[in-house]
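Enquirer: Please find the sequence and the predicted model below.
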Amino acid sequence: MHFLILKTNLDSDQGVDAIRPILNLHPSIIDWNIDTEDIDNVLRIEALQTIADLDIILLLNQFGVASETLNS
């Protein structure tokens, strides 16, 4: 399993619902969730194989979602 953790500007259920189909249909993503209660609106992705952070950032950007890698 591979994991991505991104900071996003998704702070509402409507925003999360807007990207739900995109992430649900991604062939490498097994599971994902967004913590809209967290100050960074953290998106956690569990994938079958390595996915580049930049690929997900660019994908989300196409739908008006700003995101960046969250360093621990």
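Expert: Structure received.

Enquirer: could you show me where the strands are in this protein, in order?
Expert: For the chain, the strands defined by DSSP state E occupy 2-8, 29-35, 42-47, 67-69.

Enquirer: how close does the closest residue to residue 69 other than its chain neighbours sit to residue 4?
Expert: In this structure, residue 69 finds its nearest non-sequential neighbour in residue 53, 4.7 Å apart by CB to CB, 6 or more residues apart in numbering. Placement of C-beta: from N, CA and C, glycine included. To residue 4, residue 53 is 6 Å away according to CB to CB, to the nearest Å.

Enquirer: For the two, indicate the residue with more neighbours.
Expert: A side-by-side neighbour count of residue 53 and residue 4, using other CB atoms under 10 Å, places residue 4 first with 21 against 15.

Enquirer: Which residues are in contact with the more buried one?
Expert: Applying CB atoms under 8 Å, 6 or more residues apart in numbering to residue 4 gives the contacts 43-45, 47, 51, 53, 56, 69.

Enquirer: What is the nearest of those residues to residue 16?
Expert: residue 43 (9.2 Å; CB to CB).

Enquirer: Around the nearest residue to the closest one once chain neighbours are set aside, how many other residues sit close by?
Expert: Nearest residue to residue 43 in three dimensions, chain neighbours excluded: residue 6, at 4.5 Å (CB to CB, 6+ apart). Residues within reach of residue 6, counting by other CB under 10 Å, total 22.
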